[in-house]
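Trainee: curious how this folds, go ahead:
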Amino acid sequence: MEELRSAAVTVAAGVQGDFRGAVRPGRVPRRQVSLLAAEDWLAALRDLRLAEGDYPPWHARRANLLVEGFRLPREKGCVIAIGQSLRIAVTMECDPCSRMEEVAPGLKAALLPDWRGGVLGTVLTDGAIAVGDEIRIEQ
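Mentor: The predicted structure is shown next:
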């Protein structure tokens, strides 16, 4: 995992540099981009009663994008807009996998309630994004 301050996100390839977002012939991706809310990540870690200095970094969740100060939608079909032009359609909840137990015992269960593990989506329109860009829900 690599933290970036900016990235290109496209319909054809998802987040620049992440091979999992690439569209393959004959397949419509449901897991092209993953988003995690910082507040949900911290709530899950607090449930584990870890000392703040022992918190694993957000990218241990293996999400593509971290948003802060924004409640991610909890239903598929919502459109998340980031920056000038990026639009992502929410396709499903990002259920935590067993790898989360390797990050911290109990983390998988702590991420399960209320979509704390984040959302998955597919890119509707390309966009260049950067830390600090506006994020909003479009109907």
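
Trainee: who's the most centrally placed residue in the chain bridged to?
Mentor: When Cα atoms, centre = their mean is applied to the chain, the residue found nearest the centroid is residue 35 (1.4 Å). Using DSSP bridges, the bridge partners assigned to residue 35 are residue 65, residue 119.

Trainee: show me the helices in this structure, by range?
Mentor: Along the chain, the stretches classed as helices by DSSP state H are 38-47, 99-103, 107-111.

Trainee: out of these, which is the most enclosed?
Mentor: helix 107-111 (a mean of 21; mean count of other Cβ atoms under 10 Å). Backbone N, C-alpha and C define where each C-beta goes, glycine included.

Trainee: tell me the mean pLDDT over that helix?
Mentor: Helix 107-111 shows a mean pLDDT of 98 in the predicted model.

Trainee: by contact count, what packs against that helix?
Mentor: helix 38-47, helix 99-103 (3 or more Cβ pairs under 8 Å, 6 or more residues apart in numbering; DSSP states H and E).

Trainee: possible to save these as a markdown table with distance to residue 10 and mean pLDDT?
Mentor: Converted to a markdown table, those look like this (distance: least, Cβ to Cβ, whole Å; pLDDT from 0 to 100):
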| stretch | distance to residue 10 | mean pLDDT |
| --- | --- | --- |
| helix 38-47 | 25 | 96 |
| helix 99-103 | 27 | 95 |
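
Trainee: distance to residue 130 added to these, as CSV?
Mentor: Converted to CSV, those look like this (distance: least, Cβ to Cβ, whole Å):
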stretch, distance to residue 130
helix 38-47, 16
helix 99-103, 27
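
Trainee: any idea which of the ones you listed gets closest to residue 80?
Mentor: Nearest of the helices and strands packed on helix 107-111 to residue 80, taken as Cβ to Cβ: helix 38-47 at 14.5 Å.

Trainee: and that closest one, what does it pack against?
Mentor: strand 65-67, helix 107-111.

Trainee: 6 Å instead?
Mentor: helix 107-111 (3 or more Cβ pairs under 6 Å, 6 or more residues apart in numbering; DSSP states H and E).

Trainee: run the chain-centre distance for the helix it packs on.
Mentor: Distance of helix 107-111 from the chain centroid (Cα atoms, centre = their mean, to the nearest Å) equals 16 Å.
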